[in-house]
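J.: I'll drop the sequence and a predicted model, then ask my questions.
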Amino acid sequence: MRISRHGSVRKLSRLAATGAATLALLGGGLVASAQADGGGEKFLPPKGADVVSPQKASPRIIGGTSTAFSSAPWMVQLLFEFDNDGLFYFTCGGTLVAPNKVMTAAHCVTDENGNALDMKGQGLVLAGTAKLAGGPNDEGTAVNITRSYFPGSYNADTIDNDYALLTLSKPLSYTPAQPATYGDTARYTPGGVATTYGWGMTGSDPDTDTLADTLMRVDQPLQSDAECSEATDTALGYPGAYKAGHMMCAGEGGTGNDSTGKATCPGDSGGPIFVSGRVVGITSWGVGSQQQACNFAGTYDVYTKVATYQPALQPRIDDANFSRDHRADLFARTSTSTGYTLASKGETLASRAVLAGSYSAYNLVIQTDLNRDGYEDLIARQTSTGDVYWLHRSATSSTYAKTKIFSNWKTVRAIVAPGDVNGGGKGDILAVTSTGDLMLYPSSGNGKFSAPVKAASGYQLYNQVRSHGDYTNDGKVDLIVRRGSTGDILLAKGTGKSATPFETPVPVRTNWSAYNLLITPGDVNGDGKSDLLARSATGSLYLFKGTGKGTSEIFATPVKLGTGWTGYQIIG
């Protein structure tokens, strides 16, 4: 918690003080490590911070109410082992936005200078409980963190670009929440009601007030950027503290009196604020002083504006691959039944490795993550029947299970698994019928699909229809198609809408007839933008790195990945 030692008014993150609550990981279980003032078993920190006990708890963040885990199954806690002693301390909240992804604040995963904390080696995520640090009965599921991403533009001094994404070592079974989409303005309308969640302090005095022992929520009205800027900049005494577009604010205005105020406090950092069922913001900072950490008179709580950062977040939410890093790998099959994976090294591919199973029965195999669990899936069409199967694995098995998802798709011209087309948080399927209709099959993430939606017609003009992710830097799934008569490459820009998910395709490259196969595994070089691979008639494979531009500059200068690729009949 950044508080001036001289009592001046400052911009304060909503980060909990070090040692706000603690648990020990012993023998794989969560075990209480301290006793509360009242004698009951509690997760009380050894570093001077208190957790409010039941007999003195007030049901509020400040001015809020307690809520059950069933009402907020996506809510998680970030824990950190500061002293390499086996004790993990609560630091922040977070939101499960996919089974293996947690969205939080950048200041929750960095030190006071903006340097990355070792979240992989010293961090944990605790999910499945409304109790702070699991409560006296060790509730919840603790999982390791494998990757921690925050933007290079994060500024620790101004708490700007304050967002982060954690990748978990295994998927969780709790229901994720969906972030607001890029370009969403309706959910940010001033006066709209937003709901914030957190375990932060239940009062504004940093010396005497304590963290809540159970999850709290508070409803707050959204404020305009002009109002947010006026209130925060005036209170801090300098312009530009509030950055419209990067930030949003909410609240009725701090009262300076905890009995009348509604506000977030230290300990609420990283948690979500919701409008109409989607996460619109991440709890970031507020105005405070040494004597008053929050609910500062005349000011509002400030949040990271999630919609602004969806183009950076979305490709990292949907980045499953065989290597389980941040780069898209490649599936390939020779004329035999053997399937191979080739791991991306950025602008090169590693030597191929055999993928368990037989793939001789299929005439099409494409890569995706249908259930968003972080494990690469395959969509495969059987040659003899036209039946389409979802090949998927789990955290406990490296063997692929086989689930039939469609029957007799022999005449289907193209099958695409581009990711989340309609904003539902699952990997959807697209198919081009024999007559050229583009059909969207919205996924439930479990091998079942809603009724298909006709997305467009006239796709019989295209001899290749490909996609995985966003090519225009707006966080929405796009399509890459090639016109059969000319070889021209066209872009069908995604809208994120189920009824009309794509705009009319527009040309972005001319005469790509020299390439006999286009492959779209995702973000191959790991820069957060979808890429394209193309195989020439002579068997050379090229990487076309995505630029995020929906123009003729959609791809950078190609990088040659290798030769001899005519030996593969199927490339995912």
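T.: The structure has been received and is ready for your questions.

J.: residue 216 and residue 335: what is the separation?
T.: In this view, residue 216 and residue 335 are 61 Å apart by Cβ to Cβ, to the nearest Å. Yep, even glycine has a C-beta here, placed from its N, CA and C like the rest.

J.: just residue 417 next, same as before
T.: Between residue 417 and residue 335 the computed distance is 24 Å (Cβ to Cβ).

J.: now do residue 502
T.: 35 Å.

J.: so residue 216 and residue 335 - more neighbours on which side?
T.: More crowded of residue 216 and residue 335, by other Cβ atoms under 10 Å: residue 216, with 30 against 10.

J.: return the residues in contact with that one.
T.: Residues near residue 216 by Cβ atoms under 8 Å, 6 or more residues apart in numbering: 59-61, 64-67, 197-200, 202.

J.: that one bridge partners, please.
T.: Beta-bridge partners recorded for residue 216 (DSSP bridges): residue 66, residue 198.

J.: now do it against residue 277, distance only.
T.: With Cβ to Cβ as the criterion, residue 216 and residue 277 are 19 Å apart.

J.: can you map out the helices along the stretch 451-572 of the chain?
T.: Taking DSSP state H, counting those that start in this stretch as the criterion, the stretch 451-572 of the chain contains no helices.

J.: oh, that last question was meant for the chain, not what I typed.
T.: 119-122, 225-236, 310-317 (DSSP state H).

J.: so how far is the longest one from its chain's centroid?
T.: Here the centre of helix 225-236 is set off from its chain's centre by 30 Å, with Cα atoms, centre = their mean, to the nearest Å.

J.: out of the contacts of residue 216, flag the one nearest to residue 321.
T.: The nearest member of the contacts of residue 216 to residue 321, counting by Cβ to Cβ, is residue 197 at 31.6 Å.

J.: and residue 57, what's its pLDDT?
T.: Looking at residue 57, its pLDDT stands at 27.

J.: swap that for residue 261, please
T.: 84.

J.: what's next to stretch 243-252, contact-wise?
T.: 158, 160-161, 188, 194, 196, 220-223, 225, 227-229, 231-232, 242, 261-263, 273, 280-281, 284, 299-305, 308.

J.: make that stretch 397-415, sorry
T.: Against stretch 397-415 from outside (Cβ under 8 Å, 6+ apart): 356-357, 364, 366, 378-379, 381, 385-394, 429-434, 436, 441, 447-449, 459-460, 462, 464-465.

J.: about what we covered before: the contacts of residue 216, buried ones only, as a PyMOL selection?
T.: Selecting only the buried entries of the contacts of residue 216 in PyMOL, with 16 or more other Cβ atoms under 10 Å as the criterion:
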select buried, resi 60+61+64+66+67+197+198+199+200+202
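
J.: could I get the contacts of residue 216 as CSV with distance to residue 210?
T.: CSV is the format used below for those (distance: Cβ to Cβ, whole Å):
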residue, distance to residue 210
59, 14
60, 12
61, 12
64, 15
65, 17
66, 14
67, 18
197, 18
198, 14
199, 11
200, 10
202, 6
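
J.: tell me the one of the contacts of residue 216 nearest residue 564?
T.: Nearest to residue 564 among the contacts of residue 216, with distances taken as Cβ to Cβ, is residue 197, at 53.9 Å.

J.: how about low-confidence regions in this structure?
T.: For the chain, applying pLDDT under 70 flags the ranges 1-12, 14, 16-60.

J.: so who does residue 484 touch?
T.: 461-463.

J.: so where do the strands sit in the stretch 301-450 of the chain?
T.: Per DSSP state E, counting those that start in this stretch, the stretch 301-450 of the chain carries strands over the ranges 301-305, 330-333, 338-342, 353-358, 362-368, 377-382, 388-394, 397-406, 414-419, 428-432, 438-441.
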